[in-house]
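> sequence and computational prediction follow.
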Amino acid sequence: MSISVVILAAGKGSRMKSTTPKVLHEISGKSMLFHAIDAAQEVSSDITIVLYHQAKRIQEQVEAEYSNIHFHLQDAEKYPGTGGAMKGVTTQNERTLILNGDMPLITKDSLLALTAGDAEINMSVIKLDDPSGYGRVIIQDEKVQEIVEQKDCNEDQLQTKTVNAGIYAVNTALLEKYIPRLDNNNAQEEYYLTDIIKMAVDEGKTVHPVYVEEEEFKGVNSKFDLSAAEEIMQRRIKTFWMHSGVTMRLPETIYIDSRATFEGECMLENGVSIQGASHIIASHIKTHSIIEDSHIENSDVGPIGRIRPNTKLVDTHIGNFVEVKKSTLTGVKAGHLAYIGDATIDEGTNIGAGMITCNYDGKNKHQTKIGKNVFIGSDTQIIAPVTIDDNVIIAAGTTVNKNVEKGSLVISRIEMKTVKDFFYKFFDK
């Protein structure tokens, strides 16, 4: 059966206490809504997102990352609530799966389970050890009979541990029939999507309960929920990559972005942070180093190294307290205490301690190009734009502000002066 997906993302998310829309808060480098879209794309090509609060901002960010997504603006003033969000939504396929944009942990397997079978409605349910505060889902003969809010439950119903997980797969024709019939005759004066369950049961339709894992269906409604979801997502990401051959020392201290990828035998030591769409190939990232949106191949970084975005390291050693930004280094050694920005450095070159590329003049960034087998002494400043050819020696303490020809020695130092017995004269006054 063909599937359409509707993702509800219209809410204000006031409990997040943030000017950022709830569904745009990030988990492992990606907005919650984007995680939901990724899961939806695993099962459908017809995806509609329902928006209201900060709709333009959310739509712009989605369109910057995805194509072929449909958008529907909820008339929340006239039709508030989850049922109101579905008013006016049209889908293309026989069955419609309704998701929530604040459920970033859902997986393809769960969505496939929710869309399987021939029941008119599949409804996600969770068994909780302590269902206090939740409406109970009453099930008989593997069919949902009703949803009863806790305050309306009798003593027997209160013993029920099955609750609504909030996701539904509904035959589209049935949805088109029931949504226009929803009303707001309740204490909140909202239109509830759950009312379609009662309509279906009253008409003798089959509402099939699909038991799901609580972890996947956790809604994120606060910064605390966000942190809990982050922990779960990080555990999944690191488990996947360790099974794929990445070694991690104290993995609970490591952060890996959901967009990051690894190849070959990689080693991540404790405290490492791999951010953005970084790609690490057969490399060793040492303690407390940060990699941001960069390509690291057959190299080692750290401890306490920082590789900033748009950097490519190949066959390169980056030591402690070295920062590299928007540069390409091939076969380079930079052992300690250096800043390399907007540079291209070729194989065999050694970067001494305290070397910096002075790439910013206060208005613009400038390029530094360093060739092969260049020895750069400690405490050297290279003022861009500048090109240093192959086989050059730059003496410690030198400031380079002109291009350097192949085979040269560059040295710029003030002559050292010694004043005999000055110490005693200065302090004996």
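That came in fine, so what should we check first?

> only C-alpha atoms from now on, for both contacts and neighbour counts.
Will do.

> for the helix or strand where Ala173 lies, which outside residues touch it?
If you go by DSSP states H and E, Ala173 is part of helix 172-178. By CA atoms under 8 Å, 6 or more residues apart in numbering, the list of residues contacting helix 172-178 from outside reads 91, 93-96, 120, 196, 199.

> take these and lay them out in JSON lines including neighbour count and distance to Met103.
Shown next, in JSON lines, are these (neighbours: other CA atoms under 10 Å; distance: CA to CA, whole Å):
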{"residue": "Thr91", "neighbour count": "19", "distance to Met103": "21"}
{"residue": "Asn93", "neighbour count": "17", "distance to Met103": "23"}
{"residue": "Glu94", "neighbour count": "14", "distance to Met103": "24"}
{"residue": "Arg95", "neighbour count": "22", "distance to Met103": "20"}
{"residue": "Thr96", "neighbour count": "27", "distance to Met103": "17"}
{"residue": "Glu120", "neighbour count": "19", "distance to Met103": "24"}
{"residue": "Ile196", "neighbour count": "20", "distance to Met103": "21"}
{"residue": "Met199", "neighbour count": "16", "distance to Met103": "26"}
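
> quick one: which two of those are the most distant?
Maximum pairwise distance in those, criterion CA to CA, is 21.7 Å, between Asn93 and Met199.

> tally of neighbours for Glu146?
20 (other CA atoms under 10 Å).

> skipping its backbone neighbours, what lies nearest it in space?
Ile138 (5.4 Å; CA to CA, 6 or more residues apart in numbering).

> in a helix, the one you found, correct?
No - Ile138: not assigned to a helix; according to DSSP: H, G, I helix; E, B strand; the rest coil it is strand.

> how many neighbours does it have?
Counted with other CA under 10 Å, Ile138 comes out at 19.

> that older thread, next SSE downstream of the helix holding Ala173?
Sequence-wise, the next helix or strand downstream of helix 172-178 (DSSP H and E) is helix 195-202.

> contacting residues around the helix or strand containing Glu231?
Per DSSP H and E, Glu231 falls inside helix 223-243. Helix 223-243 has contacts (CA under 8 Å, 6+ apart) with 16, 27-28, 104-105, 215, 218-220, 248, 251-252, 255-256, 258, 262.

> kindly report the same for stretch 281-301.
262-280, 302-320.

> buried set for that stretch?
Within stretch 281-301, the residues scored as buried using 16 or more other CA atoms under 10 Å are 281-301.

> what's the answer for stretch 46-56, then?
In stretch 46-56, counting by 16+ other CA under 10 Å, buried: 46-53, 55.

> just the endpoints, please. Distance across that stretch?
Counting by CA to CA, to the nearest Å, you get 21 Å between the two ends of stretch 46-56.

> brilliant, that's me finished.
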